[in-house]
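Engineer: just need the structure, nothing else, for what follows:
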Amino acid sequence: MTPSVSRPGSAGGRRASQQRAASQQRAASEPRGSQPGTGSQPGASQPRASQQRASRTLSAADLARAKAAAASLGADFDADDDWEDAGTPGERDSLTDVPGGVRLQKVLAAAGVGSRRHCEELIGAGRVEVDGEVVRRFGARVDPKHQVIRVDGRRIPASEDLVYIALNKPAGVLTSMSDSRGRRTMTDLLGDTAERLFHVGRLDYDTEGLMLLMNDGELAHRLAHPRFGVPKTYLAEVPGPVAKGLGRQLISGIELEDGVASADKFRVVEQAGGRALVEITLHEGRKHIVRRMLAAAGHPVSRLVRIQVGPVSLGSLRPGSTRRLTTKEIGDLYAAVGL
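Structural biologist: From the prediction side, this is the model:
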């Protein structure tokens, strides 16, 4: 029997032509590398890792909506701080986030460590510790009033409530808040702020120079206590000439009515005629100690200026003026007393 052949234009021919055309269309639409006949599912040709990255990436519109929704949580929310590191969680650690706490990089920036971005770099490099633990998470929430935060091993003044001031006290000012005889006091220099600050040690009425004032009670106590041995340096104007053995005598110890007093360092800065300017460093805090030591050695003081307390120097600060201590100076003071 002769097989039947579909003539062009017949119903069978039209069906065969339509099937071939449909087959060619499907083949042309198949993604390269897929198996013929399996069909094409949206995204099936993407690698799994690419799909995961895409699923983690928020569009600009999604991110804006998320920020707006989160900002409605209240004043503690910092939109820029909480979302600028999206997708960069950093390494986990065992530090427990403080509910309602402040983000770590924000605390560092507020303390004067650097810009927010620089603080993030410090955190990422493992140079920041909270309560003795290295934290690498940008989003870690901390309590700056109660937790100890260090950068490169140095403690920083994390709480914004803490104030640290350097004052150049002029001669003729009492280191007190008031005086029944009407003499100038610390209140005249600092106003009402003086009542809320501890001063580190005292300076005599006629002594000039550097005074540290702060509302950090623990640090102020340690800086003033002789047990922690924080050195204080003075310039003293005395009668000259100064004998070569004076420094050795002062460092070895001078007998006073309340016991022996010793200097840590001594040098002659200059001598001219009957006047000499000397520099003396000691960590004792007894009353009038520098004046009494030099007087006992035969060189009574006519003018005395304290120029340094631990790592903090008087510098070019004018008499009666104040300045805020830098973050580095505060960190150095903490280190000097073991905090």
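Engineer: what about the spatially most central residue of the chain, is that helix, strand or coil?
Structural biologist: Closest to where the C-alpha atoms of the chain average out (C-alpha atoms, centre = their mean) is Val113, at 3.9 Å. Per DSSP: H, G, I helix; E, B strand; the rest coil, the secondary structure class of Val113 is coil.
Engineer: what about the strands in the stretch 51-200 of the chain?
Structural biologist: Along the stretch 51-200 of the chain, counting by DSSP state E, counting those that start in this stretch, strands occupy 102-103, 128-130, 133-134, 141-142, 149-151, 154-155, 164-169, 198-199.
Engineer: can I get those in JSON lines including distance to Tyr234, mean neighbour count and mean pLDDT?
Structural biologist: Using the backbone N, CA and C atoms, a C-beta is placed for each residue, glycine as well. Below are the strands of the stretch 51-200 of the chain laid out as JSON lines (distance: least, C-beta to C-beta, whole Å; neighbours: other C-beta atoms under 10 Å; pLDDT from 0 to 100):
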{"stretch": "strand 102-103", "distance to Tyr234": "41", "mean neighbour count": "21", "mean pLDDT": "90"}
{"stretch": "strand 128-130", "distance to Tyr234": "36", "mean neighbour count": "22", "mean pLDDT": "91"}
{"stretch": "strand 133-134", "distance to Tyr234": "41", "mean neighbour count": "12", "mean pLDDT": "90"}
{"stretch": "strand 141-142", "distance to Tyr234": "40", "mean neighbour count": "22", "mean pLDDT": "91"}
{"stretch": "strand 149-151", "distance to Tyr234": "32", "mean neighbour count": "21", "mean pLDDT": "92"}
{"stretch": "strand 154-155", "distance to Tyr234": "27", "mean neighbour count": "17", "mean pLDDT": "89"}
{"stretch": "strand 164-169", "distance to Tyr234": "13", "mean neighbour count": "22", "mean pLDDT": "93"}
{"stretch": "strand 198-199", "distance to Tyr234": "17", "mean neighbour count": "18", "mean pLDDT": "85"}
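Engineer: among those, which is nearest Ala336?
Structural biologist: Across the strands of the stretch 51-200 of the chain, Ala336 has its closest neighbour in strand 154-155 (10.9 Å, C-beta to C-beta).
Engineer: that closest one pairs with which strands?
Structural biologist: According to DSSP bridges, strand 154-155 has the following sheet partners: strand 149-151 (antiparallel).
Engineer: so how far is the partner strand off the chain centroid?
Structural biologist: Here strand 149-151 shows a centroid-to-chain-centroid distance of 7 Å under the convention C-alpha atoms, centre = their mean, to the nearest Å.
Engineer: repeat that for stretch 126-137.
Structural biologist: Here the centre of mass of C-alpha atoms in stretch 126-137, compared against the chain's by C-alpha atoms, centre = their mean, lies 13 Å away.
Engineer: can you list the domain ranges for this structure.
Structural biologist: Listed by automatic domain parsing, the domain ranges of the chain are 78-155, 164-336.
Engineer: that older thread, surely the residue nearest to the centre of the chain touches Val151?
Structural biologist: Yes - with contacts counted by C-beta atoms under 8 Å, Val113 reaches Val151, the gap being 5.8 Å.
Engineer: and stretch 181-188, how far apart are its ends?
Structural biologist: End-to-end span of stretch 181-188 (C-alpha to C-alpha, to the nearest Å): 14 Å.
Engineer: hmm, who's touching that stretch?
Structural biologist: Here stretch 181-188 makes contact (C-beta atoms under 8 Å, 6 or more residues apart in numbering) with 172-179, 194-195, 199, 205, 213.
Engineer: now these in CSV, with distance to Ala336?
Structural biologist: CSV is the format used below for the contacts of stretch 181-188 (distance: C-beta to C-beta, whole Å):
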residue, distance to Ala336
Gly172, 30
Val173, 26
Leu174, 27
Thr175, 21
Ser176, 26
Met177, 27
Ser178, 31
Asp179, 32
Ala194, 24
Glu195, 26
His199, 17
Tyr205, 27
Leu213, 17
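Engineer: residues contacting Gly285?
Structural biologist: Contacts for Gly285 were tallied using C-beta under 8 Å, 6+ apart; they are 201, 224, 226.
Engineer: quick check on the residues you listed: which are buried?
Structural biologist: When the contacts of Gly285 are checked for burial by 16 or more other C-beta atoms under 10 Å, the buried set is 201, 224.
Engineer: which of the contacts of Gly285 fall within strands?
Structural biologist: Using DSSP state E, no member of the contacts of Gly285 sits in strands.
Engineer: can I get the contacts of Gly285 in TSV including pLDDT and distance to Pro99?
Structural biologist: Output for the contacts of Gly285, formatted as TSV (pLDDT from 0 to 100; distance: C-beta to C-beta, whole Å):
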residue	pLDDT	distance to Pro99
Gly201	78	40
Ala224	87	37
Pro226	83	42
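Engineer: can you tell me which of the contacts of Gly285 is nearest Ile280?
Structural biologist: Gly201 (15.4 Å).
Engineer: residue ranges in the stretch 51-200 of the chain under the pLDDT threshold?
Structural biologist: Counting by pLDDT under 70, the stretch 51-200 of the chain has low-confidence residues at 51-92, 194-195.
Engineer: mind doing that once more with 50?
Structural biologist: Counting by pLDDT under 50, the stretch 51-200 of the chain shows low-confidence ranges at 51-60, 63-64, 66-67, 69-90.
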